[in-house]
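give me a model of this one.
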Amino acid sequence: MRKLKNILILAGGDSTRFWPLTDKVIFPFLGKPLICYLINQVYPYASSIIIISHPNLQEKLKKIVDQKALVIAQKEIDLGMAGAVLTAKEIIGRSEVLVINGSDLLDFSFLSDFIKKVTAGSKLIITAKEIKNNFPGGYLKFDEVGRLIEILEKPKIPPSPFFKLVVDYFFDLGVFVEKIIKLKNKVENDCLYEQGLNLLIKEIKNKAVFYYQNDFYSLKYPWHVLILMNHFLETIKKDYFGKNVSISKKATIVGPVYFSKGVKVGDYAKVVGPTFVGENSVIADFALVNKSHIGKDCLIGGYSEVIRSYLGNNVFLHRNYVGDSVIADNVLMGAGAVLANFRFDEQPIRSKVLKEKITTSFLKLGAIIGEGSKVGVNATILPGVKIGKKTFIGPRQIVKEDIADNKFFFDNKLKDNLL
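Numbers count the residues shown, from 1 in each chain. All right, here's what the predicted structure looks like:
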């Protein structure tokens, strides 16, 4: 089988829209960083894999990918995807390349058919997926005879149902780089890649559209973690119990479940699958865990209820309700604290992103809590609220709006967290 000379994975973003979570491309599912799933899928189809990384993430990525990919720090972060391409030009030169997004998950087995279009002589291949809902991003526009003429970014009314995926093939990366350089300082940085692509679409005659048919997941906003979590949980087809797993005879396990080594389940606890529990985590007496992802070294304290939620590592619960929520590493919740997940008017839950409140399209969505935060006893966090990193919520507080990193919230007042 013919291989692509280069696959370029874009991982240079700063994950701003992913706040209060961080590092989308290495966010873990079932104990493995997201980018590992991408690399393992595309590895058979590439002679070389290059990752253009955010500088702050470069060393972590090098350790994660080992020898399977070359990791290069992006030089012009403010240029977004275009900056990644400019950085990659120094390595790839004028060779062929397939560009993919490090925070998008697809079934990359389609590349065997994709390569057939490359072999047939296509110089530019755009990948699209037909979708019913207006997902934020680019949409393909065709002329009256069905030829691709343009990519429109975030149109109010999509010109077609075909959403553009970041799976772009260039016969010669150097040609694309020339377009980016031509437009540099003439268009906004965040659309430089797309505008350069539009120039190529107009000029290259031998181009093609590849229509992707399978599932597509994008880790763009923090609540998307729950969508990917469900995808990965569905891959658990049968029970797995690692070494030294201890399950009380009085507990109830409704599979499939994946219990990593050292997991302990107490008396009258109930775990309903598909559920993943990381190493050395404890599901204490009378606790309920239902269709959730629990990291390693966690304590799901007695009488706690975790429903359809993602918990990172070292999360400690004490008689809490956690519904449809995402909790990052090293978070402590005091006894009786609740993460509410449902509006009584039954409307989709909205959340603020970069000062704009947008719909999440979730009817049930709890809180999203950043790393190192603490929630006091009997506090209530309302649906869709995000709590920043290293932020403390005082006891009995009702949190109605997002709270930034490194804050202390008490008596409806915000102070800097100096601890």
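
with adjacent residues omitted, what lies nearest to the residue nearest the centre of the chain?
A centroid search over the chain (Cα atoms, centre = their mean) returns Leu219, at 2.5 Å, as the residue closest to the centre. The spatial neighbour of Leu219 that comes closest, neighbours along the chain excluded (Cβ to Cβ, 6 or more residues apart in numbering), is Ser103 at 4.3 Å. C-betas here are computed from N, CA, C, even on glycine.

OK, contacts around that neighbour?
By Cβ atoms under 8 Å, 6 or more residues apart in numbering, the residues touching Ser103 are Ala11, Gly13, Lys24, Val25, Leu34, Ser218, Leu219, Lys220.

among the residues you listed, name the ones in strands.
Ala11, Ser218 (DSSP state E).

mind putting the contacts of Ser103 in JSON lines, distance to Val257 included?
Written out in JSON lines, the entries for the contacts of Ser103 read as follows (distance: Cβ to Cβ, whole Å):
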{"residue": "Ala11", "distance to Val257": "32"}
{"residue": "Gly13", "distance to Val257": "34"}
{"residue": "Lys24", "distance to Val257": "27"}
{"residue": "Val25", "distance to Val257": "28"}
{"residue": "Leu34", "distance to Val257": "22"}
{"residue": "Ser218", "distance to Val257": "28"}
{"residue": "Leu219", "distance to Val257": "24"}
{"residue": "Lys220", "distance to Val257": "29"}
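
PyMOL command for the buried members of the contacts of Ser103?
In PyMOL syntax, the buried subset of these is picked out as below (16 or more other Cβ atoms under 10 Å):
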select buried, resi 11+13+24+25+34+218+219+220
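
flag the least confident of the contacts of Ser103.
Least confident of these in the model: Gly13, at 82.

I'd guessed that residue sits against Gly80; true?
Yes: Gly13 is within contact range of Gly80, at 7.3 Å (criterion: Cβ atoms under 8 Å).

quick one: contacts for the nearest residue to Lys179 once chain neighbours are set aside?
If you skip the residues right next to it in sequence, Lys179 has Gly196 as its closest partner in space, 4.0 Å away by Cβ to Cβ, 6+ apart. Taking Cβ under 8 Å, 6+ apart as the contact definition, Gly196 lies against Ala82, Phe176, Lys179, Ile180, Lys182, Leu183.

next up, identify which helix or strand the fifth one is on.
Meaning Lys182. In the assignment (DSSP states H and E), Lys182 maps to helix 173-183.

got the phi and psi for Asn185?
With angles defined as degrees, to the nearest 10, Asn185 sits at phi 70, psi 0.

what about the chain, any weak spots by pLDDT?
Regions of the chain meeting the criterion pLDDT under 70 cover residues 134, 189.

what's the domain layout of it?
Here the chain is described, according to automatic domain parsing, as comprising the domains 7-220, 226-416.

picking that back up, pick the one among the contacts of Gly196 closest to Gly302.
Closest approach between those and Gly302, by Cβ to Cβ: Ala82, at 52.6 Å.

helix or strand for that closest one, which one?
With elements taken from DSSP H and E, the one containing Ala82 is helix 80-92.

got a list of contacts for that helix?
For helix 80-92, with Cβ under 8 Å, 6+ apart as the criterion, the contacting residues are 6, 8, 10, 12-13, 50, 52, 70, 72-77, 79, 97, 99, 166, 173-174, 176-177, 180-181, 184, 189-190, 192-193, 196.

hmm, 6 Å instead?
With Cβ atoms under 6 Å, 6 or more residues apart in numbering as the contact definition, helix 80-92 has outside contacts at 6, 8, 10, 12, 50, 52, 74-76, 173, 177, 180, 189-190, 192-193.

cool, and stretch 306-315?
The set of residues that contact stretch 306-315 without belonging to it, under Cβ under 6 Å, 6+ apart, is 225, 229, 289-298, 322-331.

measure it end to end?
12 Å (Cα to Cα, to the nearest Å).

likewise stretch 359-379?
Counting by Cα to Cα, you get 25 Å between the two ends of stretch 359-379.

ok, Ile398 to Ala269 distance?
Counting by Cβ to Cβ, to the nearest Å, the gap from Ile398 to Ala269 is 29 Å.

what about the two, which has more around it?
When neighbours are counted by other Cβ atoms under 10 Å, Ala269 comes out ahead of the other of Ile398 and Ala269, with 25 against 12.

my guess is that one contacts Ile283. True?
Yes: with contact defined as Cβ atoms under 6 Å, Ala269 reaches Ile283; the gap is 4.8 Å.

run through who's touching stretch 155-174.
Contacts of stretch 155-174 from elsewhere in the structure, counted by Cβ under 6 Å, 6+ apart, are 92, 94, 96-101, 123, 125, 127-131, 135, 137-141, 151-152, 176.

buried ones among those?
Buried residues within those, counting neighbours by 16+ other Cβ under 10 Å: 92, 96-101, 123, 125, 127-129, 135, 137-141, 151-152, 176.

tell me which of these fall in helices.
In this view, the buried ones among the contacts of stretch 155-174 that belong to helices under DSSP state H are Ile92, Phe176.

in strands, which of the buried ones among the contacts of stretch 155-174 fall?
Per DSSP E, the subset of these in strands is 97-101, 125, 127-129, 138-141, 151-152.

list just the nearest of those to Gly255.
Lys129 (32.6 Å).

measure that closest one to Gln195 for me?
With distances defined as Cβ to Cβ, the gap from Lys129 to Gln195 amounts to 22 Å.

again, but for Gly394
Distance check for Gly394 against Gln195: by Cβ to Cβ, it reads 48 Å.

same check on Tyr258?
As for Tyr258, its distance to Gln195 is 45 Å (criterion: Cβ to Cβ).

and the two? which has more neighbours close in?
Neighbours were counted for Tyr258 and for Gln195 using other Cβ under 10 Å; Tyr258 has more, 23 against 18.

residue contacts, that one?
When contacts are counted by Cβ under 6 Å, 6+ apart, Tyr258 touches Ile236, Tyr240, Phe276.
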